[in-house]
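Undergrad: following is a predicted model, sequence given first.
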Amino acid sequence: MQRRISSVVAAVAMTVALTTTTTSSAAASAATGQQAVALPSTTAADVVSAGDRVFVSGGRLSSQIVVAAANGDVLTTVSGLPGPTDLLLSADRQTLYVALPTANAIAALNTGTLVEFARYDTGAGECPSSLALTGRHLWFGYGCDQWGGNIGRIDLGRQPAVVTTGMASHDYYGAPLLTAATQNRTVLLAGQPSLSPASAHVYAIGAGGALSLQHQNDWSVLGSNLRDIALNPPGATVYTAAGAPYAVQAFPVTAISTPSTTYATGAYPIAVELSRDGARVAAGASATYDPDVFVFAADGTEQVRYELGAELVAGALAWSPNGARLYAVTADWQGVAPATLHVLTPPSA
């Protein structure tokens, strides 16, 4: 289904959040320090780093994004965003795309002015929950109901932009997780959360942005309860974080059958994020009393681990563009204590 949509040009009201006191705590097994900053929100969903600024979305029960400095100090909040979940930066880091599943829309903000300059109505692509970008095409995984999930596309190169839904040849159980390779605009990876065993599909992006399924995983090799996915910059390696097995796994994109490398995290992996150059892999686990975040070399050699003292939010890891910092977000599952932004400084490779 295709329909033209117009950008809604509107300045988003911004409210200055109280700057919280930064506290430092020593990592149990880390060679370097870490600091934790309480956020003006009790919930969180995702984090991205534009270099000088860090953005943390509040999640479906929120209406704001927290904006922090590179060192974690809270600068302000951007409000008027119903249910912000997945965050995605443009290649030049000047635009922040925000999935708004409760509003059936995706917002676009200028990362410098923090002004919302467009809001794309996803129409039949209800509950857009994950985002990926390949050049002019902004992809979104959507789905509110069981077996109502699919992949949508916004052609940003046309004015007004054009939204197309139902891009995948088959439906997903729910909104699929999406990611794209930073150095390869012809590969899109989709993962199916909430099912056991988990599944992943590799799509080729053809002329005009058409999708064709190229590869999918062998039965059960990804494990159960997929929580996060990633691609290396060339789009040649798939990374998955699932509740079991107890490791982030890497597979050749052409044969998702036997892991080429594993990254041991302990019980319940829930996040995986590659540095911009693909040389380091950050992995996170849902661990109450054990280390939560691990940094590995691409070959699987562990470099450092961190105990955050709270529950890591699924998928909430982000490298700074220069790889000097790693950001992680924790939140109280009861929604009582403030969410926390952790600024980690892994040792140089």
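TA: Okay, I see it.
Undergrad: tell me where the stretch 51-200 of the chain has strands.
TA: 53-57, 65-69, 74-78, 87-89, 95-100, 105-110, 116-121, 130-134, 137-142, 150-155, 162-164, 177-181, 184-192, 199-205 (DSSP state E, counting those that start in this stretch).
Undergrad: so which of those comes closest to residue 310?
TA: strand 53-57 (14.3 Å; CB to CB). Where C-beta positions appear, they are placed from N, C-alpha and C, glycine not excepted.
Undergrad: counting by contacts, list what the closest one packs against.
TA: strand 46-49, strand 65-69 (3 or more CB pairs under 8 Å, 6 or more residues apart in numbering; DSSP states H and E).
Undergrad: and it, how far out from the chain middle?
TA: From the chain centre to the centre of strand 53-57 is a distance of 12 Å (CA atoms, centre = their mean, to the nearest Å).
Undergrad: contacts made by that strand with the rest, please.
TA: Outside strand 53-57, the residues that touch it by CB atoms under 8 Å, 6 or more residues apart in numbering are 39, 41, 44-49, 65-70, 72, 75, 84-87, 96, 98, 111, 316, 318, 327, 329, 339, 341.
Undergrad: picking up where we left off before, ok, which of the strands of the stretch 51-200 of the chain comes nearest residue 298?
TA: Short answer: strand 177-181, nearest of the strands of the stretch 51-200 of the chain by CB to CB, at 14.8 Å.
Undergrad: measure how that closest one sits relative to strand 137-142, angle-wise.
TA: Strand 177-181 runs at 160 degrees relative to strand 137-142, counting by axes from the mean of the first three to the mean of the last three CA atoms, to 10 degrees.
Undergrad: so what pLDDT did residue 335 get?
TA: You'll see residue 335 listed with a pLDDT of 76.
Undergrad: I'd say it and residue 43 touch.
TA: Yes: the criterion here is CB atoms under 8 Å, and residue 335 meets it with residue 43 at 5.8 Å.
Undergrad: quickly list what's touching both of these two.
TA: Taking CB under 8 Å, 6+ apart as the contact rule, residue 335 and residue 43 both touch residue 61.
Undergrad: ok, now which ones touch residue 270?
TA: With contact set as CB under 8 Å, 6+ apart, residue 270 has these partners: 227-228, 241, 243, 284-286, 312, 314-315.
Undergrad: number of residues surrounding the closest residue to residue 215 other than its chain neighbours?
TA: In this structure, residue 215 finds its nearest non-sequential neighbour in residue 202, 4.2 Å apart by CB to CB, 6 or more residues apart in numbering. Using other CB atoms under 10 Å, residue 202 has 20 other residues around it.
Undergrad: ok, residue 202 - contacts?
TA: 187-189, 213-216, 238, 253, 256.
Undergrad: now list the buried members of the residues you listed.
TA: When the contacts of residue 202 are checked for burial by 16 or more other CB atoms under 10 Å, the buried set is 187-189, 215, 238, 253, 256.
Undergrad: per-residue pLDDT, residue 5?
TA: We have a pLDDT of 40 for residue 5.
Undergrad: bridging across strands, which residues link to residue 162?
TA: As for beta bridges, residue 162 partners with residue 4, residue 155 under DSSP bridges.
Undergrad: got any ranges where the stretch 151-300 of the chain has weak pLDDT?
TA: For the stretch 151-300 of the chain, not a single residue meets the criterion pLDDT under 70.
Undergrad: ranges for the helices of the stretch 151-300 of the chain?
TA: Counting by DSSP state H, counting those that start in this stretch, the stretch 151-300 of the chain has no helices at all.
Undergrad: list just the nearest of the contacts of residue 270 to residue 162.
TA: Nearest member of these to residue 162, counting by CB to CB, is residue 315, at 28.3 Å.
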